[in-house]
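Q: quick check, what structure comes out for this input:
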Amino acid sequence: MASPPAQQSGNPVPPGQTDASIERYVVGGGGEYASGSIPGSPDAMYYYRFRMSDPNGEGFKFQDRELSFYFRPTPFALHFQVENRTDRLLWIEWDRCEFLSPLGVRGKVAHDGTTWQDRFTPQTSTQLPPLQRLADYTFPMDYLVEPGGSPQQLHRKLLSEGEAAIHLVNREFGIDLVFKVEEQLRTYRFRFVAINAIPK
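A: The predicted model follows:
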């Protein structure tokens, strides 16, 4: 089996590669380093402080009569949890969702389970049963990287943890999540901003 083009941040740097090139890649949603009090790689040069810019409110939460959301932006991906507050089956329509990258590029959304081979094929909708919760993470589909024969979901980080971090402050990014609610499509727009990139 061929090796992926780069290893996760935190592993030794292979010969011929630099810290700047290797720190761009991550597997999946970032795993254990996405769930700490300050999400990020242990060897990151910078860490971020985020705020939710749209809808504007307290923290990273939003709810209406049908759905309740909680978000956790990280350098690796945009993590979220959504709860179906109704007694009806709802659906996330992934093919209709759109991600706005920190570089201002709009495009298709990748999430947990999306692979390199899925880039040009329709994505299956996700069921959200009544009164149930779903946890997932998202990032731009264009950030997927060919994993060199590995089954891992290898992709570029959502935000650099290296020297480029200071150029990403105040760049808005986010997602338009599209749900099917009683056969009607409903778009939920969420935007986030890295308000600081702080040297470690």
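
Q: can you pull the buried residues of the strand ranked longest in the chain?
A: Under DSSP state E, the strand in the chain containing the largest number of residues is strand 184-199. Neighbour counts over strand 184-199 (16 or more other C-beta atoms under 10 Å) mark 188, 190-194, 197 as buried. Using the backbone N, CA and C atoms, a C-beta is placed for each residue, glycine as well.

Q: helix, strand or coil for Ser37?
A: Taken by DSSP: H, G, I helix; E, B strand; the rest coil, the conformation at Ser37 corresponds to coil.

Q: now swap in Gln127 and tell me
A: strand.

Q: the one 4 residues further on now?
A: The three-state label for Leu131, taken from three-state DSSP, comes out as coil.

Q: so what pLDDT did it get?
A: For Leu131, the pLDDT comes out at 97.

Q: looking at the chain, which helix or strand does the model trust least?
A: The weakest-scoring helix or strand in the chain, judged by mean pLDDT, DSSP states H and E, is helix 19-22 (a mean of 41).

Q: for Ile38, which non-adjacent residue is spatially closest?
A: Among residues not flanking Ile38 along the chain, Tyr47 sits closest, at 5.2 Å (C-beta to C-beta, 6 or more residues apart in numbering).

Q: name the element the one you found belongs to?
A: Using DSSP states H and E, Tyr47 falls within strand 46-54.

Q: what pairs with that strand, parallel or antiparallel?
A: Strand 46-54 sits in its sheet next to strand 184-199 (antiparallel), going by DSSP bridges.

Q: the partner strand: how far from the chain's middle?
A: Distance of strand 184-199 from the chain centroid (C-alpha atoms, centre = their mean, to the nearest Å) equals 10 Å.

Q: repeat that for stretch 71-87.
A: 9 Å.

Q: just give me the neighbour total for the closest residue to Lys61 other than its chain neighbours.
A: Nearest residue to Lys61, sequence neighbours excluded (C-beta to C-beta, 6+ apart): Tyr70, at 5.3 Å. Number of residues near Tyr70 (other C-beta atoms under 10 Å) recorded here: 16.
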